[in-house]
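Enquirer: sequence and predicted model, in that order:
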Amino acid sequence: MSNLLKGRDFVSLNDFTTEEIWQIVEMARSMKLRMRSGIMDRPLEGKTLGMIFTKPSTRTRISFEVGIWQLGGVGLFLSAEELQLRRGETIEDTARVLSRYLDGIMIRTFDHQDVVDLAANSTIPVINGLTDLLHPCQAASDILTIWEKFGRVAGIKFAFTGDGNNNMVHSLLFAGAKMGMDVRVASPEGFQPEPSIVQDAQALARKTGARILVTKDPVEAVRDADAVYADVWTSMGQEESKDQRLTTLMPYQVNADLWEHVAESAIFMHCLPAHREEEVTGEIIDGPMSVVFDQAENRLHAQKAIMALTM
């Protein structure tokens, strides 16, 4: 199969076709199986990935740093305090300079426009490690996890319940629409996904046979679902409104009562970190239906595939 992603930026799953997303997932699965059998693929020997973090992370830093090393390359951790961005250098100038030193850039930041501008002014691939709007690397690893658990992706009934106006939901809407899934998002008023992203996902769904539903009813969303997803209710920067958010979102908690409505073989998914007894109870996230640590592992494999294909 020819490489469809060489030299491309990885900013949003909406930028890629279903075939291109499958190429990422299939390579990730192949690399995972080969690594477990003792074979390490090293296609990025001698290459360097710059990793810009203005927003801290556990999984993103470790999975990218380990991943680029396993691929034969080197990762450079670049915190906001270590870059001239803090002192007024423009994103455009930073992109041009880093393009002279590196073979690829991963950035995890707050403002999505920063990633768009970085990619527009770089001559090397830029990978979106997370923004407040999108989290495409996690969504790619989630597709891999679903494929591993069910042997298929198209037609899977996928439900998210909780705060729907976040980067995870937005990327999952694109992922589901591209891959032909039945995606339902349940959120209260004021917490629903960005309307423009829902509209884009619905337009994609009409082409792939996917279905997109946004509802205020968590039971409607999870009824007969194959996979149920939750995310934290209070993200970085939202701490002052935590009590109000908990009160509003508590009816959307994934718990034993809600789980009675899902399919018999349903799995529970979460991108982590998780706050037990808030968005999900311990008996669910720590129960046999939970695949959250498979998802966490698959971040490594999916991101290795993204780096290998783009760089």
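Expert: Good, I have the coordinates.
Enquirer: ok, how many other residues are close to A177?
Expert: A count of neighbours around A177, defined by other C-beta atoms under 10 Å, yields 28. (Glycine included, C-beta is placed from N, CA and C.)
Enquirer: what of P273?
Expert: With neighbours defined by other C-beta under 10 Å, the count for P273 comes to 11.
Enquirer: ok, and the closest non-adjacent residue to it?
Expert: In this structure, P273 finds its nearest non-sequential neighbour in V232, 6.8 Å apart by C-beta to C-beta, 6 or more residues apart in numbering.
Enquirer: residues contacting that neighbour?
Expert: Taking C-beta atoms under 8 Å, 6 or more residues apart in numbering as the contact definition, V232 lies against P273, A274, H275, E278, E279.
Enquirer: pLDDT score for the first one?
Expert: Going back to what we said before, that points to P273. Here, the pLDDT recorded for P273 equals 96.
Enquirer: wait, it touches T58, no?
Expert: Yes. When contacts are counted by C-beta atoms under 8 Å, P273 is listed as touching T58 (7.3 Å).
Enquirer: circling back to that earlier point, what's the helix or strand for the residue nearest to P273?
Expert: Using DSSP states H and E, V232 falls within no helix or strand.
Enquirer: and it, how far is that from V115?
Expert: Counting by C-beta to C-beta, to the nearest Å, the separation of V232 from V115 is 21 Å.
Enquirer: one more: A305?
Expert: Noted for A305: a distance of 19 Å to V115, by C-beta to C-beta.
Enquirer: gap between stretch 52-70 and the chain center?
Expert: Remark: stretch 52-70 is offset 14 Å from the chain centroid, using C-alpha atoms, centre = their mean, to the nearest Å.
Enquirer: tell me which residues of that stretch are tucked away?
Expert: 52-55, 59-61, 63-65, 67-68, 70 (16 or more other C-beta atoms under 10 Å).
Enquirer: also stretch 78-90?
Expert: With the criterion 16+ other C-beta under 10 Å, stretch 78-90 contains buried residues L78, L83, L85.
Enquirer: would A159 count as being in a strand?
Expert: Yes. The assignment for A159 is a strand, going by DSSP: H, G, I helix; E, B strand; the rest coil.
Enquirer: wait, it touches A227, no?
Expert: Yes. Shown here, A159 and A227 form a contact pair, counting by C-beta under 8 Å, at 7.1 Å.
Enquirer: quick one: which of these two has more around it?
Expert: Ranked by neighbour count (other C-beta under 10 Å), A159 and A227 place A159 first, with 30 against 26.
Enquirer: please list all residues in contact with that one.
Expert: Here A159 is in contact with V183, R184, V185, A186, A221, V222, A225, A227, V228, Y229, V262 (C-beta under 8 Å, 6+ apart).
Enquirer: can you put those residues in TSV and add distance to L133?
Expert: Conversion of the contacts of A159 to TSV gives the following (distance: C-beta to C-beta, whole Å):
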residue	distance to L133
V183	18
R184	21
V185	16
A186	20
A221	22
V222	25
A225	25
A227	23
V228	23
Y229	18
V262	29
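Enquirer: okay, and which of these map to helices?
Expert: Here DSSP state H is the test, and the contacts of A159 give A221, V222 as lying in helices.
Enquirer: what about the helices in this structure?
Expert: Secondary structure of the chain, counting by DSSP H: helices at 18-36, 59-70, 91-101, 112-121, 136-150, 167-179, 195-208, 218-222, 242-249, 256-259, 282-285, 292-310.
Enquirer: distance check, R276 against K157.
Expert: Between R276 and K157 the computed distance is 25 Å (C-beta to C-beta).
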